[in-house]
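Colleague: My questions concern the predicted model and sequence given below.
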Amino acid sequence: MLKRLREMITGNFVKSVEGTEEREHALRLATATLLVEVVRADQEEAVVEEEVVLKQLGNFFDLSKEETSLLVQAAEQEADYAVSLQSFTRELHENLTIKEKHVVIEMLWRVALADSQLDKYEDYLVRKVADLLYVPHQDLIRIRNRVSDDLA
């Protein structure tokens, strides 16, 4: 499942969809932008959260440090001009399975909890994204608890 998502987003997944390469880039960018939004949610961009974003994206998409930095820069620009989350979540919702969506939610929780403080705005944002991805509330809580336990 994780391998399939990684392959689909990084461009190795062969699928009969027009604009597959563009769609894969859009999925990468949408995921990165949501992670950047979580970092910004509490109005305090903690270095540890930014490091977690770089690590999550680099590891998940198997990107070099340079590629990861470029992706984050593009995501920051997208976030600067974003009016809503829906354009990002729609792309993910339409192209990911529920298990793949769980992976995205886990990444969001890892960023939100990276500084050991869950701000109410970070919490709201992750919950909102989960709602827009149609991830059941019980799954959202289970993933948050698992990430909290991992970080403890």
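Modeller: Here it is on my side, so go on. The model shown is predicted, which means the values in this text are computed figures rather than measured ones.
Colleague: now the residue nearest the centre of the chain: how far from residue 111?
Modeller: The chain has residue 31 as the residue nearest its centroid, 3.7 Å off, counting by Cα atoms, centre = their mean. For residue 31, the distance to residue 111 equals 11 Å [Cβ to Cβ, to the nearest Å]. Using the backbone N, CA and C atoms, a C-beta is placed for each residue, glycine as well.
Colleague: Then residue 148?
Modeller: Distance of residue 148 to residue 111, computed by Cβ to Cβ: 13 Å.
Colleague: cool, and residue 134?
Modeller: In this view, residue 134 and residue 111 are 21 Å apart by Cβ to Cβ.
Colleague: Compare these two (neighbour count), which wins?
Modeller: Legend: neighbour count by other Cβ atoms under 10 Å for residue 134 and residue 111, higher for residue 111 (28 against 10).
Colleague: what's the more buried one in contact with, if anything?
Modeller: Taking Cβ atoms under 8 Å, 6 or more residues apart in numbering, we find residue 111 in contact with 35, 38-39, 49, 52-53, 56.
Colleague: which of those count as buried?
Modeller: For the contacts of residue 111, a burial check counting by 16 or more other Cβ atoms under 10 Å picks out 35, 38-39, 49, 52-53, 56.
Colleague: of the residues you listed, closest to residue 120?
Modeller: residue 38 (12.8 Å; Cβ to Cβ).
Colleague: so what's the closest residue in space to residue 130 that isn't next to it in sequence up against?
Modeller: Sequence neighbours aside, residue 140 is the residue nearest to residue 130 in space, at 4.5 Å (criterion: Cβ to Cβ, 6 or more residues apart in numbering). Applying Cβ under 8 Å, 6+ apart, we find residue 140 in contact with 105, 126-127, 130.
Colleague: Helix or strand: which one has the residue lying closest to residue 58 once chain neighbours are set aside?
Modeller: Excluding the flanking residues, the one nearest residue 58 by Cβ to Cβ, 6+ apart is residue 68, at 4.2 Å. In this assignment (DSSP states H and E), residue 68 forms part of helix 65-81.
Colleague: Right, I'll leave it there.
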